[in-house]
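A.B. asks: When you get a sec, could you give me coordinates for this:
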Amino acid sequence: MTTPDRDPDRLDTYAYDLPEELIAKEPPERRDGARLMVLDREQKTIEHRTIRDLPDVLRSGDRLVLNDTRVVPARIVGERSATGGKWEGLFLRKLPGGDWEIIGQTRGRLTPGETITLKSIHRPEETPPLRVQLVERGNDGVWIARPESDLDAFELLDRYGTVPLPPYMQRKVADDSDWSRYQTTFAQTPGSVAAPTAGLHFTPELLAECDSRGITNSRVTLHVGIGTFRPVAVDKLSEHDMHSEWCVLPETTAAELNQTRESGGRVVGVGTTSVRTLESVAARGHLAAWQGETNLFIRPPYEFRAIDCLLTNFHLPKSTLFVLVCALAGTDFVQEAYREAITERYRFFSYGDAMLIL
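C.D. replies: Reported below is the predicted structural model:
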């Protein structure tokens, strides 16, 4: 029988206390310099390694699944044309007709038809302002906005935006290191407002070493959206409204993963985004090419159908990502591992250390 303090539906079950000084606010000196905590779900053992040990920990025949999404400079600033008041916002995605979905903060109440004048964050002197009209207000403060430009959304963001760092890094404007380090080395498809952080540890050399050991890799795409910045605001997980994110499972990747399983290899999801992509497709049946929106919320109890192992960073307490990890490895075991990580002074969150769950 489930005890009240371990009720899998209660948000408090996924709480833990983290010392402020263990939050990684800057990237490590080396991209592949992270520590690696290895959890064995069957043996209930915890081992301390480094991310460069990954080829030794995995085995020939395993396949890594990498999310090739590219973070766009989605943080934008400007002023309300009508009042001159400051406005700060986040680009979420571009719509088929060229409009944007955005959220923003300002004093007072915005109205449909109002215009925001964006200013370039990094090159204000050489970049003329861009007017963006607020067309329609949606749910949760999301607006449909129309830029007064014929240029592509991502080209405009390159001119006006900056890397949207998570709030816990406590610095709004990204520096030069963030532009390169808050992006995976294999990023290809633009569209995310946050990095798939487990992938940040990989260098081309580490991937090549894995490949030389028979540990291959495949790519999926999931564009990280607004949900990564918003906390769970309800006491019961069953009442949480999971935001949708766009994902793609290519035909070649589906075939490679099916072949890996048939050959006795393990599918290793690199990051919770890769896991959500694969499990969203697996929930529909056989792994096959698919693309679309997913609002899959993986929480205990959950039967994983597409992945065998998970490489992930250490996540915020009471977050949907922490809940996903508990669904895979068991809440008690994960809580024990996090306590040990705190004792051993692991670095937490996006620029932090990693955990491999076998």
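
A.B. asks: Please enumerate residues in contact with stretch 160-172?
C.D. replies: By C-beta atoms under 8 Å, 6 or more residues apart in numbering, the residues outside stretch 160-172 that reach it are 23, 25, 71-76, 90-91, 118-122, 127, 130, 173-174, 178-179, 182, 193-194, 228-229, 316, 349-351. Just so you know, the C-beta spots here come from the backbone N, C-alpha and C atoms, and that holds for glycine as well.

A.B. asks: so of those, which ones are in strands?
C.D. replies: Val71, Arg75, Ile76, Leu90, Phe91, Leu118, Lys119, Leu130 (DSSP state E).

A.B. asks: Excluding chain neighbours, what is closest to Asp178?
C.D. replies: Spatial nearest neighbour of Asp178, chain neighbours left out: Val163 (4.9 Å); criterion: C-beta to C-beta, 6 or more residues apart in numbering.

A.B. asks: And the one you found, what's its pLDDT?
C.D. replies: We have a pLDDT of 93 for Val163.

A.B. asks: ok, now Gln105?
C.D. replies: Looking at Gln105, its pLDDT is 89.

A.B. asks: okay but it is in contact with Glu88, surely?
C.D. replies: Yes. Contact criterion C-beta atoms under 8 Å: Gln105 and Glu88 qualify, at 5.3 Å.

A.B. asks: Which one's more surrounded, the two?
C.D. replies: Using other C-beta atoms under 10 Å as the criterion, Gln105 and Glu88 rank with Glu88 on top: 14 against 10.

A.B. asks: did I read that right, that one in a strand?
C.D. replies: Yes. Applying DSSP: H, G, I helix; E, B strand; the rest coil, one finds Glu88 inside a strand.

A.B. asks: quick one: it and Ala153, what's the gap?
C.D. replies: According to C-beta to C-beta, to the nearest Å, Glu88 stands 18 Å off from Ala153.

A.B. asks: With Asn313 instead?
C.D. replies: Asn313 sits 28 Å away from Ala153, going by C-beta to C-beta.

A.B. asks: So between those two, which is more surrounded?
C.D. replies: Taking neighbours as other C-beta under 10 Å, Asn313 and Ala153 compare with Asn313 leading, 26 against 20.

A.B. asks: Return the residues in contact with that one.
C.D. replies: With contact set as C-beta under 8 Å, 6+ apart, Asn313 has these partners: Thr197, Ala198, Gly271, Phe348, Phe349, Ser350, Gly352, Asp353, Ala354, Met355.
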